[in-house]
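Chemist: Just need the structure, nothing else, for what follows:
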Amino acid sequence: MDLLHSQLAVLQQKLSFVATDPIDWKFYVQAFSWGVTLFESYLLLRQYPLYSKTAPPEVLANHIDAEAFTKSQNYGKDKAKFSLVTGLFKQAIDSAMLHYGLYAFAWDMGGRTIAYFGYGSEYEILQSLAFAIVLFVISSIPSIPLSAYQTFVLEEKHGFNKTTPTLFVTDLLKSWAIGFVIGMPFLAAFLYVFGWAGDRFVPWLMAFLLAFQIIMVIIYPTVIQPLFNKLSPLKEGELRTRTESLATKLKFPLKHLYEIDGSKRSSHSNAYFFGLPWSKHIVIFDTLIKESKPDEVEAVLAHELGHWYYMHPTKLLCVSQVHIFTILAMFPAFLHAPQFLRAFDFSDAVSVNPPTIVAFLLFQMILSPLEAVIGIALNFLSRQFEWEADRFACEIQERLSAPEMRDMGERLSRALITLHVKNLSTLWVDWLYSAYHHSHPTLTERLKALQAFQSKMDSAAKKEL
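Modeler: Numbers count the residues shown, from 1 in each chain. Predicted coordinates:
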C-alpha cells in the first residue's frame, strides 16, 4: 500500500502545474467540449448520405425486401437529424451553464438551502447533496421536451412507440425518485469515504465503487426493474426447454428465466442475462419471442452465453477498474488547486478550500476529450468480444458434442436479420461513425463472419468424413 501511495505522490508532483500555471480552464473545457460535439456532428454528416442508398448491402439482398429497407433508411435518416440537433442543443446548454457560472450559482444555492434549515458551510456533504439537486433540476428541464419528442414523434412516426403520456410521466417521476433514493446516499457515502480516507482515498474509493456495482447487480432485477417492467417466468414450451437444456449443458448457473413486457413501451427486441457469478437470470423480450422462432431465440441466447463463457463482463469490469483508478489517481492535483475553481467563477472563499463534488465534476469536464478516445478503445474491445461470442455460438455443437446444433450459426444469422429488420436498424454504416459509436460490429460484418465460421466448420466436418 505504501508503494502505491508513493507512486501516486510522484504523479501528483508531475501534475503540480495545475496549481501553479495560469491556465484558463474554462476556455479549455469550452473548446474541447465543443470540439467533441463538432466531431460527433461531423460523424453524423458522414453517415447521413448512406441513408440515401436505394439497395441494401449485397450480403443482405436476399434477406430484406424493398419496403423494409426503405423504412430502415427513413428511420435512420430521422434519427440522424434528431441526434444532430439534440447534440448541438445540449452542448449549447452546457456551454451556457459554464459561461454564465451556473455551477458556482448552484453551489451557492445549495448553501442557502441548507442555511434555511440551520446548517452552515461546514456541512460539506449536506451542501453537496443540495448542490446536486439544484444542478439536476437545472440540467433536466431542457431534456424533457427532447425526450418527449423522441418518444411521441420520432418513435411514434416509425411505429415503435407504445408509451402513453401517462406512462411517460410516470416513468419520468419513477426515474427521478430512484435517482434520489439511490443517488443521494451513494453521493453522501462517496464523499464520506473520500473525507475519511484523506490523501489515501484512491484504494478505498475503488473498493467502495466496486461494492456499489455489486450491490446494484443484486437489487436492480429485484427492486428497480419491476418498477418499470413486468418480469414473468417464461412459459413452459419449446423455448423454455431449449434454454434450460442449453444452460444445463454449458453449466450456466441459471436461477430464473424471465419474459419481460418490453412491448409495453416499445416494439424493439432484445435478450440479456445478469446476476452474480453463482446465480444468473436470463431475460427475453416478449417482442423477440413473438418475432423469432424458438430455435432462433436459442441461437441469440447461445451468443449471450458466449459472453459468460469467455468472462466478457468480468473482463470489462476489470478494464473499468483501471479506468476509474486512472481518474482517481489524477484527481488530487485538481482538488488542491484553488485557481482551478476560480476559473469557473467560484469565489475565493470557496476556491481556497474546494468542495470535493465541485472539483470532481469540473475535473470530469477537463477529461472530456480523453474520455472520447477511451470510448473508441472500449468500443473496439467490445466488438472483439462480440466476434468471440458469435464464434462461440457457431462452435457450440463441437463443445457440447451436439450435432443438432450444427446449424447454430445459420440460426443466429436469421435471428440477427430479424432483429435488425424489426428494429429498423441501420444497414449501411460509415466505418468511422461505427468505430466511435458502436459497441457491436455492423450486421453486414457479423453475417460475413458467421458465414466464414460456419464454412470453416463444415469444411472441417467433411475432412473428418
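Chemist: Quick check, residue 278 in contact with residue 252.
Modeler: No. Look at residue 278 against residue 252 with C-beta atoms under 8 Å: they stay out of range, at 11.0 Å. For the C-beta atoms, the positions are set from N, CA and C on the backbone; glycine is no exception.
Chemist: Neighbour count: these two, which is higher?
Modeler: Taking neighbours as other C-beta atoms under 10 Å, residue 278 and residue 252 compare with residue 252 leading, 18 against 7.
Chemist: now that one, nearest residue through space, not along the chain?
Modeler: residue 305 (5.7 Å; C-beta to C-beta, 6 or more residues apart in numbering).
Chemist: so who does the one you found touch?
Modeler: If a contact means C-beta atoms under 8 Å, 6 or more residues apart in numbering, then residue 305 has 246, 247, 250, 252, 273, 392 as its contacts.
Chemist: what about the second one, helix or strand, and which?
Modeler: Right, the one you point to is residue 247. Residue 247 belongs to helix 238-250 when assigned by DSSP states H and E.
Chemist: I'd like the next helix or strand past that helix.
Modeler: Next element after helix 238-250 (DSSP H and E): strand 254-260.
Chemist: That next one - contacts with which helices or strands?
Modeler: In this structure, strand 254-260 packs against strand 231-233, helix 238-250, strand 279-285, helix 286-291, with contacts taken as 3 or more C-beta pairs under 8 Å, 6 or more residues apart in numbering; DSSP states H and E.
Chemist: which neighbours does that strand have in its sheet, and in what orientation?
Modeler: strand 231-233 (antiparallel), strand 279-285 (parallel) (DSSP bridges).
Chemist: How about residues contacting that strand?
Modeler: So strand 254-260 is contacted by 229-235, 240, 243-244, 247-248, 275, 279-286, 289 (C-beta under 8 Å, 6+ apart).
Chemist: Check the offset of it from the chain's centre.
Modeler: Here the centre of strand 254-260 is set off from its chain's centre by 22 Å, with C-alpha atoms, centre = their mean, to the nearest Å.
Chemist: so what does whatever helix or strand comes next after it touch, helix or strand wise?
Modeler: As assigned by DSSP H and E, the chain's next helix or strand after strand 254-260 is strand 271-276. With contacts taken as 3+ C-beta pairs under 8 Å, 6+ apart, strand 271-276 sits against helix 201-219, strand 279-285, helix 294-309.
Chemist: Name the residues that touch strand 271-276?
Modeler: Taking C-beta under 8 Å, 6+ apart as the rule, strand 271-276 contacts 214, 217-218, 220-221, 253, 255, 280-285, 288, 297, 300-301, 304-305, 307-308.
Chemist: swap in stretch 178-198?
Modeler: 124-125, 128-129, 132-133, 136, 201, 204-205, 208-209, 212, 224, 227, 356-357.
Chemist: buried sites along it?
Modeler: 182, 186, 187, 190, 191, 194 (16 or more other C-beta atoms under 10 Å).
Chemist: can you tell me how far residue 454 sits from residue 406?
Modeler: Relative to residue 406, residue 454 is positioned 9 Å away (C-beta to C-beta, to the nearest Å).
Chemist: Between the two, which is the more surrounded one?
Modeler: residue 454 (19 against 16).
Chemist: nearest spatial neighbour of that one, skipping sequence neighbours?
Modeler: Residue 454 sits nearest to residue 409 (C-beta to C-beta, 6+ apart), 4.1 Å away.
Chemist: Quick check: that neighbour is in a helix.
Modeler: Yes. Per DSSP: H, G, I helix; E, B strand; the rest coil, residue 409 lies within a helix segment.
Chemist: Contacts only, for it.
Modeler: Here residue 409 is in contact with 299, 390, 393, 394, 450, 451, 453, 454, 457 (C-beta under 8 Å, 6+ apart).
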